[in-house]
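**Student:** pasting the structure only:
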């Protein structure tokens, strides 16, 4: 199952990239997230690994993920290593001066389980899509706040 | 019990840790998730209180008659939180393990027949183990006593934790006793029929349950009502640190059951209606 959501942000791509490249920020804007922990020595960048958990329905799902794409300032992508099979991507593109479009792509699959697996995959769409939309709303709010703070700092 | 039957039964109860099958558990998760999310509207809180690695003795209150939905919901939550790769075992009544089809599935899920030795072996292997000291006595209590922790003075879990040197993690659940109308444990009936000697059964429960109507024994299980299930994991209790080098079993038992009862009272206070939650 693949879900795409996007939002327009009143901040340049550099600001969006800086924010998304910092693993500490994920706990602040990802909706439903209950755990985000750096695993290993590398805090970010290609090959960085995190243990994440997100509440979906009655369970916290997640596991170990690894960053598989780190193209500054455009794309961050990850794949699951353990836990529910999934891959995700934040795609940052300029949309006019001082504005960016951030696309959040998420694809997941339920391994096995027969009909129940298919049903669970479909049933989770609403919950996952809702969380992605809430995450993007929070991300937009925080990025625009960050941009205003930067502008005030520059004006001093 | 005739000798051949006893031998057959004991071979079925010979649980091995390696019977647990992570792939089987992974494939069962979607169905468990669907049922837990949409049918039981389940909520499992504070799983982070289970130590992130190593063994621990998880002590739960037992509910739901023989359809122990809270156990399945907790297993789902544990497996998705820590990953199916982390070993995790539960102890179950001998009869459940010996059951032809369900027994095999339970074994693949990591369930062991209830004994001190099986629990010790699992803990020694580094796995968290979930036990229900109240067993059949607690799970068949009348529905109007659903918000009561009833271990019936069974303190073996304390000695188990002390022997293995592992923390106790209380796991409190509510809602299971609303999956049917449990009327009586039928303890007198079980005694009269000598079920205790024949099958380690202290109860012969009587309930009103789907699809049977009047359900005596609950041997074939029942179709559970969609009661909202809430489970809360309490902070771990390090016995040596909290009770000194030689903890008193009675004192630990009192503390654990009191903490669980407090938490259960809190969960009960949140509920507004039976079944609906």
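**Tutor:** The structure has been received and is ready for your questions. Because the structure is a prediction, the values reported are computed rather than measured.
**Student:** The longest strand belonging to chain A near chain B at all?
**Tutor:** Longest strand in chain A, counting residues (DSSP state E): strand A:59-71. Yes. Interface with chain B: strand A:59-71 contributes A:59, A:60, A:61, A:62, A:63 (CB under 8 Å from any CB of the partner chain). C-betas here are computed from N, CA, C, even on glycine.
**Student:** Kindly reformat those residues as TSV containing neighbour count.
**Tutor:** Formatted as TSV, the residues of strand A:59-71 next to chain B follow (neighbours: other CB atoms under 10 Å in any protein chain shown):
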residue	neighbour count
A:59	25
A:60	23
A:61	24
A:62	25
A:63	21
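**Student:** Now flag whichever of those residues is closest to residue B:104.
**Tutor:** Among these, residue A:59 lies closest to residue B:104 (CB to CB), at 24.4 Å.
**Student:** where does chain B come near chain A, residue by residue?
**Tutor:** Residues of chain B lying near chain A (CB under 8 Å from any CB): B:23, B:26-31, B:33-34, B:36-38, B:40-44, B:47-48, B:73, B:76-77, B:80-81, B:83, B:85.
**Student:** Restricted to helices, list these.
**Tutor:** B:23, B:26-31, B:33-34, B:73, B:76-77, B:80-81 (DSSP state H).
**Student:** Report the two of the residues you listed separated the most.
**Tutor:** Greatest spatial distance among those (CB to CB): B:23 and B:73, at 20.8 Å.
**Student:** So if I had to pick from these two, which one is more boxed in?
**Tutor:** Ranked by neighbour count (other CB atoms under 10 Å in any protein chain shown), residue B:23 and residue B:73 place residue B:73 first, with 27 against 11.
**Student:** Near chain B, which residues of chain A? Just list them.
**Tutor:** A:34-35, A:53, A:57-63, A:82-84, A:110-114, A:116-117, A:119-121, A:123.
**Student:** Give the ChimeraX command for selecting the buried subset of the residues you listed.
**Tutor:** Those of those that count as buried under 16 or more other CB atoms under 10 Å in any protein chain shown are selected in ChimeraX with:
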select /A:35,53,57,58,59,60,61,62,63,83,84,110,113,116,117,119,120,121,123
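**Student:** From the residues of chain A next to chain B, which land in strands?
**Tutor:** Per DSSP E, the subset of the residues of chain A next to chain B in strands is A:34, A:35, A:53, A:59, A:60, A:61, A:62, A:63.
**Student:** pretty sure the last one contacts residue B:83?
**Tutor:** Yes. Counting by CB atoms under 8 Å, a contact exists between residue A:63 and residue B:83, whose distance comes to 5.6 Å.
**Student:** any shared contact partners between the two?
**Tutor:** Each of A:82, A:83 lies in contact with both residue A:63 and residue B:83 under the rule CB atoms under 8 Å, 6 or more residues apart in numbering or on different chains.
**Student:** Now do the strand or helix carrying residue B:264: which elements does it pack against?
**Tutor:** Using DSSP states H and E, residue B:264 sits within helix B:249-270. For helix B:249-270, the contact count by 3 or more CB pairs under 8 Å, 6 or more residues apart in numbering or on different chains; DSSP states H and E identifies helix B:156-164, strand B:168-174, strand B:230-233, helix B:239-243 as packing neighbours.
**Student:** Now the nearest residue to residue A:63 once chain neighbours are set aside. Its backbone dihedrals?
**Tutor:** Leaving out its chain neighbours, the residue that sits closest to residue A:63 by CB to CB, 6 or more residues apart in numbering or on different chains is residue A:83, at 1.9 Å. Backbone torsions for residue A:83, taken as degrees, to the nearest 10, come to phi 80, psi -160.
**Student:** which one of the residues of strand A:59-71 next to chain B is nearest residue B:158?
**Tutor:** residue A:60 (29.8 Å).
**Student:** That closest one and residue A:54 touch, don't they?
**Tutor:** Yes. When contacts are counted by CB under 8 Å, residue A:60 is listed as touching residue A:54 (6.7 Å).
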